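Chemist: just a sequence and a predicted model for now, questions to come.
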Amino acid sequence: MKLSIVVPAHNEEDALTDVVGRIIFHEGIGKYLYELIVVDDCSTDRTPEILDELAKKWKIIKPIHRNGGPGFGRAMKAGIEAATGDAVVPVMADLSDDLDTIPLMAASIENGYDIAFGSRFVKGGKALDYSFPKLVANRLCNNVVSLFFGFPWKDTSNAFKMYRKGLITGLDLQSTGFEFCLELALKAMMRGAKVVEIPTTWYQRKTGIAKLKLLKAASRYFWVFFTLWLKRIRGEKA
């Protein structure tokens, strides 16, 4: 099985070399055939130059340079469109994701699951130095999704999930920001995906500036939830 690891990077000059190196030299990930798709998301710092330097050094890197306005969802759509693997997994450029989870996700996909959630809120999962406002917003969002959609999963909004590529091919994905994580997960699950949750650890970024603005994101998450919930109760396709 071939993996497509997608790293969206907006102004990540301080972290990009580190996250790329950790992926390339990770023993568990190295047991799989994979491509590393790094999406420079309209960066205004040295991220584009650093990405090109890394791509010259390691041929496994597939660099993408975006223009036209930054946005996590836009970067992820570009990465998914470029992916040639059997499964796709995003990795945050700020080193917040636990790379040890990726081989466990891949094994789950090989064993017949369509989506492997990296979950911070199941037994064995952790969110280290997670701010209290974000924690409250996260738990509220996920509990509402579970209640209205009937999905039992604890961390639907987390970006760190591995998807079988065929499941998400052709999805009409509209989100441009971090609400993309919820839209992609819900639309994939509304296709009848077989899901497993895998405990993972989330780490607070050590460099750079957090891109998620909680109040601005809240309305976008709600819009994704509400529009897809209406489709669900009407029996419409996602």
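Modeler: Here it is on my side, so go on.
Chemist: quick check: longest helix of this structure.
Modeler: helix 214-234 (DSSP state H).
Chemist: which strands and helices lie in contact with it?
Modeler: With contacts defined as 3 or more CB pairs under 8 Å, 6 or more residues apart in numbering; DSSP states H and E, helix 214-234 has these neighbours: helix 132-149, helix 180-189. The way it works is simple: take the backbone N, C-alpha and C, and place the C-beta from them, glycine included.
Chemist: can I get those helices in JSON lines with distance to Met76, mean pLDDT and mean neighbour count?
Modeler: Below are these laid out as JSON lines (distance: least, CB to CB, whole Å; pLDDT from 0 to 100; neighbours: other CB atoms under 10 Å):
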{"stretch": "helix 132-149", "distance to Met76": "18", "mean pLDDT": "90", "mean neighbour count": "15"}
{"stretch": "helix 180-189", "distance to Met76": "6", "mean pLDDT": "95", "mean neighbour count": "23"}
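Chemist: can you tell me what sits against the longest helix of the chain?
Modeler: With contacts defined as CB atoms under 8 Å, 6 or more residues apart in numbering, helix 214-234 is touched by 133-134, 137, 141, 144-145, 148-149, 157, 175, 177-179, 182-183, 186-187, 190, 237-238.
Chemist: let's see that with 10 Å instead.
Modeler: Contact with helix 214-234 is made by 72-73, 131, 133-134, 136-138, 140-141, 144-145, 148-150, 156-157, 174-187, 189-190, 211, 236-238, as judged by CB atoms under 10 Å, 6 or more residues apart in numbering.
Chemist: can you confirm Val89 is in a helix?
Modeler: No: looking at Val89 with DSSP: H, G, I helix; E, B strand; the rest coil, it is strand, so not inside a helix.
Chemist: now Phe117: phi and psi?
Modeler: According to degrees, to the nearest 10, the main-chain angles of Phe117 amount to phi -80, psi 130.
Chemist: so what's the residue nearest in space to the middle of the chain up against?
Modeler: Geometric centre of the chain, nearest residue: Ala159, 3.1 Å, by CA atoms, centre = their mean. In this structure, Ala159 makes contact with 6, 8, 72, 76, 89-92, 96-97, 118, 178, 180-182, 184-185, judged by CB under 10 Å, 6+ apart.
Chemist: just to revisit the earlier point, let's have the helices and strands packed on helix 214-234 in TSV, adding distance to Ile60.
Modeler: Written out in TSV, the entries for those read as follows (distance: least, CB to CB, whole Å):
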stretch	distance to Ile60
helix 132-149	33
helix 180-189	24
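Chemist: those helices: which one's closest to Gly85?
Modeler: Proximity to Gly85, assessed across the helices and strands packed on helix 214-234 by CB to CB, is greatest for helix 180-189 (15.9 Å).
Chemist: how far is that closest one from where the chain is centred?
Modeler: Per CA atoms, centre = their mean, to the nearest Å, the displacement of helix 180-189 from the mean C-alpha position of its chain is 10 Å.
Chemist: list the contacts for Asn67?
Modeler: Residues touching Asn67, when contacts are defined by CB under 10 Å, 6+ apart, comprise 40-42.
Chemist: scratch that, Ile80 is what I was asking about
Modeler: Counting by CB under 10 Å, 6+ apart, Ile80 has contacts 4, 6, 37, 39, 88, 90, 163, 165, 168-169, 171, 173, 184.
Chemist: what's the angle between the helix or strand containing it and helix 180-189?
Modeler: Ile80 is located in helix 72-82, with elements delineated by DSSP states H and E. Regarding helix 72-82 and helix 180-189, their directions subtend 50 degrees when assessed with axes from the mean of the first three to the mean of the last three CA atoms, to 10 degrees.
Chemist: in helix 72-82, what counts as buried?
Modeler: If you call a residue buried by 16 or more other CB atoms under 10 Å, then helix 72-82 has these buried ones: 72-80.
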